[in-house]
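Asker: Let's see this in three dimensions:
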Amino acid sequence: RRVDYLVLAAMTTIAIVIGIQLGSEIKNLDTDTSEPFQVVELDAFSIAVLPLENISDNAEQQYFVDGMHDAIISELSRIGALRVISRTSANRYRNTEMPLPQIARELDVDAVVEGSVLRAGDTVRINVQLIDARADQHLWGGQFDRDLDNILNLYADVTRRITDQIEVQLSTVEQAHLDDTGTVNAEAYDRYLQGIALCDRWSRDSMLRGIAQLRALTSDFPDDARAHSALALCLQYAGFFDYVEILEIRDEARTVAQRAVRLAPELSLSQVASAATHWYLDFEAEQATTALKRALEINPGDARALILLAWRLSEIGRFEEAQSAAKRAIEIDPFSNAAFQALGQTRFLARDFEGSLEPFLQAIDMDPSDPGFYPYPAWAYTQLGRHDEAIALLEKAVELSGGAPYHLGEYGMGLAFAGREAEAMRVLDQLTAQS
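Answerer: Below is the predicted model:
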């Protein structure tokens, strides 16, 4: 039953918090002997790709334009000498009238890329402008036309022209990648973008529709690594949000993630999908760390891989490495509540409860409507003996979630830690009745 998994998750949380209260240290939690993760400090040129404008007559093509936006960011992020703002933070400026110098200050970037996309059948045209955002000065503009099956070449050409303009020196590996992009099947790529657009909406209905679409895609195109990677990640997220039963999707997620890596080991997305499967579904620690580090070797600017690595390393007590990964994720994705939550988690598990509060509360400030971020600072307040502040946050999570059992259980735990046993027992009775 669904509530059984919720109760199990709540019990796990209780065990962690009690362990910290009793003074136990997070160490030797697995046998991971992988090399330490190191952030290479670079005096990098920084750039943000603002959301692309859909100038076709069909508003339903927005998923395609958004997919191109994400792909260009990903392509630029592979360049080690660039710091590229992630899509999550760039999307904050969709349809904005904010002056470019102000955007540059907020994102702390040297330049921005603006552009528009026109799609007609299987033909794509993109207009791109590179702008010195601090001075609001146009540096370069270009127009690119490609058939959809050559869209990877389009992304590479845009990247090459931008790096030429800002005089970034490409490594031999980076140059080889841009010179040999390969092709895609036009139908498969279009369906892939539709599937990830659905999964990225996070709602139950959209995510389940995305899973169905990606399942059909992997069946029709069994050699499409992107589709397999996206399906593996979407299945895991659906399990995390309790949209599907974990035990029902674990084997499928594992299988498609493994196939994605076999098909395209040099695709960072496939390595991220593999890492998530290894750690969160199979509890294979060292394999997860290895896959995440490989993803970051391929794409040093992959914010999702950095956040996952920060969570992963903090959970095994490698706090200094975890904080390095989380801080780099924030540099790349400064408006990501997940990145700030990851930094807070590394400090919390290192027993720096006071230090964890600032990033935890920043995560809430970025999206006060999301109940998932309220319990984290609540547990920090609990460790500091500030129970009233903890309970207020847990009550808010219950309110925002509509009384979801998971958040109700956490609220009950907060009451118990505060010594309000009668109220905690009433919450337990509510959960029992719901089971």
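
Asker: how much distance is there from stretch 116-134 to the middle of the chain?
Answerer: Going by Cα atoms, centre = their mean, to the nearest Å, the spacing between the C-alpha centre of stretch 116-134 and its chain's C-alpha centre is 25 Å.

Asker: mind starting the numbering at 54 from now?
Answerer: Shifting the count to begin at 54 puts that one at stretch 169-187.

Asker: So for it, what gets flagged as buried?
Answerer: Neighbour counts over stretch 169-187 (16 or more other Cβ atoms under 10 Å) mark 169-172, 177-181, 183-186 as buried. Backbone N, C-alpha and C define where each C-beta goes, glycine included.

Asker: gap between the two ends of it?
Answerer: 22 Å (Cα to Cα, to the nearest Å).

Asker: and Ala358, helix, strand or coil?
Answerer: Three-state assignment for Ala358 (DSSP: H, G, I helix; E, B strand; the rest coil): helix.

Asker: which residue packs closest to it, ignoring adjacent ones?
Answerer: With sequence-adjacent residues excluded and distances taken as Cβ to Cβ, 6 or more residues apart in numbering, Ala358 is closest to Ala348, at 4.2 Å.

Asker: State the distance from that neighbour to Leu361.
Answerer: Here the criterion is Cβ to Cβ, to the nearest Å. By it, Ala348 lies 9 Å from Leu361.

Asker: quick one on the thing from earlier: quick one: least confident of the buried residues of stretch 169-187?
Answerer: In terms of pLDDT, Ala186 ranks lowest among the buried residues of stretch 169-187, with 85.

Asker: residues contacting it?
Answerer: By Cβ atoms under 8 Å, 6 or more residues apart in numbering, Ala186 lies in contact with Ala101, Leu153, Pro154, Ile156, Ala157, Val162, Asp163, Ala164, Val165.

Asker: would the third one count as being in a helix?
Answerer: Yes: assessed with three-state DSSP, Pro154 lies in a helix.

Asker: surely it meets Asp189?
Answerer: Yes: if you go by Cβ atoms under 8 Å, Pro154 and Asp189 touch, sitting 5.5 Å apart.

Asker: Most neighbours out of the contacts of Ala186, which is it?
Answerer: Most neighbours among the contacts of Ala186, by other Cβ atoms under 10 Å: Ala101, with 27 neighbours.

Asker: Check for me that it belongs to a helix.
Answerer: No: counting by three-state DSSP, Ala101 is not part of a helix but strand.

Asker: That one contacts Glu167, doesn't it?
Answerer: No: using Cβ under 8 Å, Ala101 makes no contact with Glu167, being 9.8 Å away.

Asker: And Leu484, how close does it get to Asn238?
Answerer: To Asn238, Leu484 is 49 Å away according to Cβ to Cβ.

Asker: What segments of the stretch 254-403 of the chain are helices?
Answerer: Ranges of helices in the stretch 254-403 of the chain, per DSSP state H, counting those that start in this stretch, are 257-273, 278-293, 299-316, 321-329, 338-351, 356-368, 372-385, 390-402.

Asker: I'd like those helices as CSV, with distance to Trp432 and mean neighbour count appended.
Answerer: Below are the helices of the stretch 254-403 of the chain laid out as CSV (distance: least, Cβ to Cβ, whole Å; neighbours: other Cβ atoms under 10 Å):
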stretch, distance to Trp432, mean neighbour count
helix 257-273, 27, 18
helix 278-293, 19, 25
helix 299-316, 23, 18
helix 321-329, 24, 27
helix 338-351, 23, 21
helix 356-368, 14, 26
helix 372-385, 17, 22
helix 390-402, 7, 25
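
Asker: out of these, nearest to Arg439?
Answerer: helix 390-402 (14.2 Å; Cβ to Cβ).

Asker: Tell me which other helices or strands the closest one touches.
Answerer: Packing partners of helix 390-402 (3 or more Cβ pairs under 8 Å, 6 or more residues apart in numbering; DSSP states H and E): helix 356-368, helix 372-385, helix 406-419, helix 428-436.

Asker: tilt between that helix and helix 428-436?
Answerer: 20 degrees (axes from the mean of the first three to the mean of the last three Cα atoms, to 10 degrees).

Asker: Outside of helix 390-402 itself, list whatever touches it.
Answerer: Residues outside helix 390-402 that contact it (Cβ under 8 Å, 6+ apart): 73, 79, 356, 359-360, 363-364, 366-368, 370, 372, 375-376, 378-380, 382-383, 386, 406, 408-413, 415-417, 419-420, 423, 426, 429-430, 432-433, 436.

Asker: Also stretch 322-337?
Answerer: Contacts of stretch 322-337 (Cβ under 8 Å, 6+ apart): 278-279, 281-283, 285-286, 289, 292-293, 299, 303, 306-307, 309-311, 313-314, 316-318, 338, 340-342, 344-345, 347-348, 351, 355, 357-358, 361, 365.

Asker: Just the C-alphas of it, formatted as PDB.
Answerer: Output of stretch 322-337 as PDB, limited to C-alpha atoms (Å, rounded to 0.1, in the frame of the first residue of the first chain):
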ATOM      1  CA  LEU A 322      22.800  12.000 -19.200                       C
ATOM      2  CA  SER A 323      23.200   8.300 -19.400                       C
ATOM      3  CA  GLN A 324      25.800   8.400 -16.600                       C
ATOM      4  CA  VAL A 325      23.500  10.500 -14.400                       C
ATOM      5  CA  ALA A 326      20.700   8.000 -15.000                       C
ATOM      6  CA  SER A 327      23.000   5.100 -14.200                       C
ATOM      7  CA  ALA A 328      24.200   6.800 -11.000                       C
ATOM      8  CA  ALA A 329      20.700   7.500  -9.700                       C
ATOM      9  CA  THR A 330      19.800   3.900 -10.300                       C
ATOM     10  CA  HIS A 331      22.900   2.500  -8.600                       C
ATOM     11  CA  TRP A 332      22.400   4.600  -5.500                       C
ATOM     12  CA  TYR A 333      18.700   5.300  -4.900                       C
ATOM     13  CA  LEU A 334      17.400   2.000  -6.200                       C
ATOM     14  CA  ASP A 335      20.100  -0.500  -5.600                       C
ATOM     15  CA  PHE A 336      22.200   1.200  -2.900                       C
ATOM     16  CA  GLU A 337      25.400   0.500  -4.900                       C
END
